[in-house]
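Undergrad: would you be able to build a 3D model of this:
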Amino acid sequence: MKFMKLGSKPDSFQGDGENIRYVATELATDIVISIGDIKFYLHKFPLLSKSVRLQKLVASANDDNSDEIQIGDIPGGPAAFEICVKFCYGMTVTLNAYNVVAARCAAEYLEMYETIEKGNLIYKIEVFFNSSIFRSWKDSIIVLQTTKSLHPWVEELKVVSRCLDSISSKALIDTSKVDWSYTYNRKKLPSENGSDSHWNGVRKQQVVPKDWWVEDLCELQIDLYKRVITTIKAKYMISSEVLGEALSAYALRRLPGFAKGVIQTNDMAKHRSLVETILWLLPMEEGSVSCSFLLRLLRAVILLECGEMEKNELRRRIGQQLDEAVVPDLLFRAPDGEEMLYDVDTVQSLVEEFIMHNRCAQADPSLESEFHEFKMPHQRGSDAMARVARLVDGYLAEIARDPNLPVSRFVGLANLVSGFPRATHDGLYRAIDMYLKEHPDISKSEKKKICKMMDCSKLSADACMHAVQNERLPLRVVVQVLFFEQMRTTTTTSSGNTTPTLPGPIAALLPGGSHGSSRSATTNTEEDWDGVPTAEEIKALKGELASLRLGEKNGNHDGLKNSGNAAEKAKMKGQLVSKIFSKLWSSKEKQGELSSSDTSESPSPSSGNAGDTKSTPSRSRRHSVS
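TA: Numbering: from 1, shown residues only. All right, here's what the predicted structure looks like:
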């Protein structure tokens, strides 16, 4: 910190209690100046030789035959007045970034100009400002902080504007010219104090990041911070990413609990003003701040009850980059008074904003920001949709644990991304399984509605293994999983695939019916959806499927070990799955769950044309099954 010493005489100011200040000298004092509750016993001559205002006040007091002067409005109060008085007496006084602004305002109030004496206090302070304070990054910030209680004097004297110019110009200088401290409270790096284990005696110059200044500005109150950022944006070219980083750092420092998504509401008005200012300062460029930061801001906006305009703007911004979000950032708590644990409506609105933005971007590629210009619009759209689909699947799995979550909310959110591309449906299966586990008492139609969202042909081998053993899934879903697992394991590279001959009732439970019969949509009843494999069946299916997966992996299960080519191995695998289907069918026949009329009237997949057998039923076809 820079400082300047004035005067050469010893400091002879003394106090008598808390409210009396006087100069220890042999000469009797001849004037009393009251500043608030403190009385200063002083001498006229040193004061009048440097202050025009005191000359006027003393003359007025003489006219009233009084030796006491009341001053109630001097900026900086008694402390600033004492600095001015010491300067008048020639006593040693030290000016620094913390007291110089108050001294400058008090000197202006007392009219300590060059016209009354050369080298007066105002001149000395201005020299200190220009030669030291405004050349120092740290001192300029400290001085700006001290101006808050000295309005309107600091504005009239242009102290604030000069601080703003100093700070903004230094924030954007070439980083090679920055003596990096990152923040003046920062602990030294190991290489800087010689304690780095890799330090070999030659200190490497630290690379200064472009946002080296953001932590330092977090020391400012929001109104001053706003003025600094506004000045930087108005006068200098600054990248939106650096500006976004500055705002993110400020929010983390100034909003208690912001990082954890829990804003303390003990001072609603103050925190609301801070959040609204940050929103106002946010750069418009997409990608300038992370989606995680925007989601935390939205959480703060909701908790602090900001206006609808702020909420809508944040939703729009988040919708543009929702594909960058992670599940924990979406777990908004439901408003007080609601039975549900999470605010599903807010997340649904964000997904809708994403869909709208994605459609507009694909319709007009010019709307894509430069942030994504390295990708073709349709490529980015497809990739982003896939990421959002995974995000929603993960979110559904989390909120599925809420016992008060209605089926309509669960299905409604899932349907928003039903058409999005997905490599697998494992995430959606996990969410569905979690919901069925936590809501065992839902109706048959609700269970059917939930399970229909999943495409069994897009489950991974591990998910298939889990689904076949899952007692919570309806019989129809288990059969579909087995069928598509068989289709995957029996596919060959050149000779097509081997499809098992399935019993009619089992085939009728497949998506699209029996792949050759249009009648399946009428013969299958709600009971088909509600039926689930028994514990004995699950155990048998588990053993058979485990053997199938082991054979697929090691190629040494029964006949697979001696099979000479891929086609023969595939055929053997197909026979194993057919065996699983047969066991399931015979078990259900014994329990009377599959009618004899269905058995006789529903043809097997092998009776359909080859094209139907080989093709994987689409999502829309499966949804048409009642």
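
Undergrad: check the burial of the spatially closest residue to R253 that is not a sequence neighbour by counting its neighbours.
TA: Spatial nearest neighbour of R253, excluding adjacent residues (Cβ to Cβ, 6 or more residues apart in numbering): C218 at 4.1 Å. C-beta coordinates here come from the backbone N, C-alpha and C atoms, glycine included. Neighbour count for C218, taken as other Cβ atoms under 10 Å: 16.

Undergrad: same check, this time on the one 10 residues further on
TA: Close neighbours of V228, defined as other Cβ under 10 Å, add up to 21.

Undergrad: helix or strand for it, which one?
TA: Assessed by DSSP states H and E, V228 sits inside helix 222-235.

Undergrad: where does the residue located most distally from the centre of the chain sit: helix, strand or coil?
TA: Here the chain reaches farthest from its C-alpha mean at N65, the gap being 69.5 Å by Cα atoms, centre = their mean. Following DSSP: H, G, I helix; E, B strand; the rest coil, N65 is assigned to coil.

Undergrad: swap in the one 5 residues further on?
TA: Judged by three-state DSSP, the three-state class of Q70 is strand.

Undergrad: for Y429, give me its contacts.
TA: M454, L459, A463, H466, A467 (Cβ atoms under 8 Å, 6 or more residues apart in numbering).

Undergrad: confirm for me that the first one is in contact with L428.
TA: Put plainly, it is M454. Yes. Look at M454 against L428 with Cβ atoms under 8 Å: they come within range, at 5.3 Å.

Undergrad: if we can go back for a sec, can you pick the most crowded of the contacts of Y429?
TA: M454 (25 neighbours).

Undergrad: sec struct for that one, please.
TA: Assigned by three-state DSSP, the conformation of M454 is coil.

Undergrad: quick check on it: phi, psi?
TA: M454 adopts backbone torsions of phi -100, psi 140, taken as degrees, to the nearest 10.

Undergrad: likewise for F129?
TA: Residue torsions, per degrees, to the nearest 10, at F129 are phi -60, psi -50.

Undergrad: so where's the stretch 201-350 of the chain uncertain?
TA: Along the stretch 201-350 of the chain, segments meeting pLDDT under 70 span 201-206.

Undergrad: please point out which parts of stretch 64-75 sit buried.
TA: Neighbour counts over stretch 64-75 (16 or more other Cβ atoms under 10 Å) mark I69, I71, I74, P75 as buried.

Undergrad: check which helix or strand K170 maps to.
TA: Going by DSSP H and E, K170 is in helix 159-171.

Undergrad: kindly export that helix (C-alpha atoms) in PDB.
TA: Extracted in PDB, the C-alpha atoms of helix 159-171 (Å, rounded to 0.1, in the frame of the first residue of the first chain):
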ATOM      1  CA  VAL A 159     -12.900  10.800  -7.000                       C
ATOM      2  CA  VAL A 160     -15.300   7.900  -8.000                       C
ATOM      3  CA  SER A 161     -15.000   8.500 -11.700                       C
ATOM      4  CA  ARG A 162     -11.200   8.600 -11.500                       C
ATOM      5  CA  CYS A 163     -11.200   5.300  -9.400                       C
ATOM      6  CA  LEU A 164     -13.400   3.700 -12.000                       C
ATOM      7  CA  ASP A 165     -11.100   4.700 -14.900                       C
ATOM      8  CA  SER A 166      -8.100   3.500 -13.000                       C
ATOM      9  CA  ILE A 167      -9.500   0.100 -12.100                       C
ATOM     10  CA  SER A 168     -11.100  -0.600 -15.500                       C
ATOM     11  CA  SER A 169      -8.000   0.400 -17.500                       C
ATOM     12  CA  LYS A 170      -5.800  -1.900 -15.300                       C
ATOM     13  CA  ALA A 171      -8.200  -4.800 -15.500                       C
END
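
Undergrad: give me the helices and strands touching it, please.
TA: Applying 3 or more Cβ pairs under 8 Å, 6 or more residues apart in numbering; DSSP states H and E, one finds that helix 159-171 contacts helix 137-146, helix 222-235.
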